[in-house]
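Asks: Model the structure of this input:
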Amino acid sequence: MKFKHICLLLALAASLAAVSCKKEEEEELSDYLYGSVYFTIPQFLQAGDNVTLSPTGVRRPDGGSLGYAWAVTPTSQIDTSRREADPASKSPDLIYTVPDTLVTLQVKVTAFASGYYTSSCTQETTVIDPQNSVRGLDFSSASGVFTDPRDNKQYPYMTLGGVDWFARNLAWEGAGQPYDYCPAVKDVFGMYYTWNEAAQACPEGWSLPSDADWAALAARYNPEGGFQPRETFEGVAGRLMGNATLNDEEEALWEYWPNVTITNDDHLSILPYGYAAAGHAGKYGFTGFREFAVFWTSDEYDADMALYRYLFMDKTGVYANAGYKDDFLAPVRCIRVSNAD
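Replies: Residues are numbered from 1 along each chain as shown. Model prediction:
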């Protein structure tokens, strides 16, 4: 399920509900409210999180008071945070505790006033459990599990061609940002780092893979490919992609495309967790969830940019590109020379 943000100005006479309204009731509606009601909610929340949702963006033309009604589905919670007759000092906010249910919630606020058409806004958020939300991956065949001594987080790893590869994205919080600034997913998606941060983020004894390391990994799946750094590794993406779902959804995180066969040969379980680029007001714009898997390499492209590798949902290649070292955020997979005999 893709995330939707829907904010609508509802004209009662144009809605299906208005079909049954009496003419005299319709005539009581004299005007539209100015603007459209809006609120923001994190794209991902964790069960038990407490959030305060604040409506804004709408007012009465005569300067009078507004009422605000909230509804949360599928929990069937309905709450009027402020009635029209309440004093302006009464908060219109919804103070909400996220339920222990791994679903996508639709949260709707409606601004209303006697004699005016209503204005409403619906936003979605997905409830995340770091241990149980990603389903379908199997790490039972991992070569081992590494515990990061900095925070005790654990990473299954696969020994491939004499190199240990993390089978999960690095989630060390000493640098970087969680996806879309949502702490709920930091241990699911991993953290997103600038290249300068990524170069120092792996635990002691581990490092950021070079593009030559990625080429050697790709050669496992096509020894005749002659793969070279900075080139596309054609026909390799499906061998690295993990076939997983989020919560109880039937749709896989990697959308189905007939030209991409997901086999996850070595259980590296790469998933489309996206990336971020410099945005407005000093914040990064996160994008690419369910579409791209992006990873920094240790290779510089020039003085300002560094190489990253990426997979796209409907392509069979593993592609190379360059991002600005301080203006582009990507996840990290760490490697080390194997100690296995």
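Asks: Who does the closest residue in space to Gly279 that isn't next to it in sequence form a beta bridge with?
Replies: The spatially closest residue to Gly279, leaving aside those adjacent along the chain, is Gly285, at 3.6 Å (Cβ to Cβ, 6 or more residues apart in numbering). For every residue, glycine as well, the C-beta is placed using N, CA and C. Using DSSP bridges, the bridge partners assigned to Gly285 are Ala277.
Asks: wait, Gly285 sits on Ala276?
Replies: Yes - between Gly285 and Ala276 there is a contact at 6.2 Å, judged by Cβ atoms under 8 Å.
Asks: which of the two has more neighbours?
Replies: Between Gly285 and Ala276, counted using other Cβ atoms under 10 Å, Ala276 has the larger neighbour count: 25 against 12.
Asks: re earlier: check the residue nearest to Gly279 and give its pLDDT.
Replies: Listed pLDDT for Gly285 reads 96.
Asks: In this structure Ala278 contacts Tyr284, no?
Replies: Yes - judged on Cβ under 8 Å, Ala278 makes contact with Tyr284 at a distance of 6.2 Å.
Asks: More neighbours: the two, which one.
Replies: Tyr284 (19 against 15).
Asks: Against Ser89, how distant is the closest residue to the more buried one other than its chain neighbours?
Replies: Residue nearest to Tyr284 in three dimensions, not counting chain neighbours: Ala276, with 3.9 Å by Cβ to Cβ, 6+ apart. Counting by Cβ to Cβ, to the nearest Å, the gap from Ala276 to Ser89 is 39 Å.
Asks: cool, and Ala175?
Replies: For Ala175, the distance to Ser89 - Cβ to Cβ - is 43 Å.
Asks: To what extent is Ala244 buried, counted in neighbours?
Replies: Neighbourhood size, Ala244 [other Cβ under 10 Å]: 19.
Asks: Can you name the residues that contact it?
Replies: 134-137, 252-254, 269, 271 (Cβ atoms under 8 Å, 6 or more residues apart in numbering).
Asks: 6 Å instead, please
Replies: 134, 136-137, 253 (Cβ atoms under 6 Å, 6 or more residues apart in numbering).
Asks: which residues does Asp326 contact?
Replies: Contacts for Asp326 (Cβ under 6 Å, 6+ apart) come out as Thr194.
Asks: Buried ones among the contacts of Ala244?
Replies: Using 16 or more other Cβ atoms under 10 Å as the burial test, those include 134, 137, 253 as buried.
Asks: Tell me where the stretch 201-341 of the chain has helices.
Replies: Using DSSP state H, counting those that start in this stretch, the helices assigned to the stretch 201-341 of the chain run over residues 211-219, 237-240.
Asks: follow-up on the earlier one: more neighbours, Ala175 and Ser89?
Replies: Taking neighbours as other Cβ under 10 Å, Ala175 and Ser89 compare with Ala175 leading, 15 against 6.
Asks: isn't the more buried one right up against Glu197?
Replies: Yes - contact criterion Cβ atoms under 6 Å: Ala175 and Glu197 qualify, at 4.0 Å.
Asks: so how many other residues sit close to Tyr32?
Replies: Tyr32, neighbours per other Cβ under 10 Å, totals 16.
Asks: can you check Gln43 too?
Replies: 20.
Asks: That one against Tyr181, yeah?
Replies: No - if you go by Cβ under 6 Å, Gln43 and Tyr181 don't touch, sitting 9.1 Å apart.
Asks: just to revisit the earlier point, between the helices of the stretch 201-341 of the chain, which one is nearest to Asn321?
Replies: Set against Asn321 and scored by Cβ to Cβ, those come closest in helix 211-219, at 11.1 Å.
Asks: contacts for that closest one?
Replies: The contact list for helix 211-219 (Cβ under 6 Å, 6+ apart) reads 227, 229, 233, 236, 297, 299, 307, 309.
Asks: Next, format those as CSV and append neighbour count and pLDDT.
Replies: Below are these laid out as CSV (neighbours: other Cβ atoms under 10 Å; pLDDT from 0 to 100):
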residue, neighbour count, pLDDT
Phe227, 21, 96
Pro229, 15, 95
Phe233, 25, 98
Val236, 23, 97
Thr297, 26, 98
Asp299, 21, 98
Leu307, 20, 98
Arg309, 26, 98
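Asks: May I ask which two of those residues are separated the most?
Replies: Farthest pair in these, by Cβ to Cβ: Val236 and Asp299, 18.1 Å.
Asks: domains of this structure?
Replies: 5-128, 134-337 (automatic domain parsing).
Asks: Packed most tightly, which of these would that be?
Replies: domain 134-337 (a mean of 18; mean count of other Cβ atoms under 10 Å).
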